[in-house]
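Peer 1: Here you go, sequence then predicted model.
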Amino acid sequence: MTSEANETCHLLAVAGTAGNEIAIILLVTAEMLSTEHGIGTYILQAGSLYDHEWLFVWVVILSLLGVLVSAAIGLIKNRLLSLRV
């Protein structure tokens, strides 16, 4: 592959990761508004009750899940892109 093609593949992989992160944010937002149980709902409940400790705990858990999912998607993409070469 030429360096230009490699750069294009890299840019597509980075753009795809950003899209996946936005999808995760939208998923949690929808879950906050439409369910009775879930991390988003627990964040809203803790915030409305001024329970800052639990609010912080749920935000940290949500952040860790986001990082783990993003890393997993990145590993899968890298694996698939390396198979194309």
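Peer 2: Thanks, I have it.

Peer 1: got any ranges where the protein has weak pLDDT?
Peer 2: For the chain, the stretches flagged by pLDDT under 70 are 1-18, 84-85.

Peer 1: in it, which spans are helices?
Peer 2: 3-34, 39-48, 52-84 (DSSP state H).

Peer 1: Next, the angle from the longest one to helix 39-48.
Peer 2: Pointing back at helix 52-84 there. Helix 52-84 and helix 39-48 are oriented at 150 degrees to each other (axes from the mean of the first three to the mean of the last three C-alpha atoms, to 10 degrees).

Peer 1: Need the winner for burial among the helices of the chain.
Peer 2: Among the helices of the chain, helix 39-48 has the highest mean neighbour count (mean count of other C-beta atoms under 10 Å), at a mean of 16. For every residue, glycine as well, the C-beta is placed using N, CA and C.

Peer 1: list the helices and strands it packs on?
Peer 2: The criterion is 3 or more C-beta pairs under 8 Å, 6 or more residues apart in numbering; DSSP states H and E, and the helices and strands that helix 39-48 contacts are helix 3-34, helix 52-84.

Peer 1: Just put these in a markdown table and tack on distance to residue 44.
Peer 2: Formatted as a markdown table, those follow (distance: least, C-beta to C-beta, whole Å):
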| stretch | distance to residue 44 |
| --- | --- |
| helix 3-34 | 6 |
| helix 52-84 | 9 |
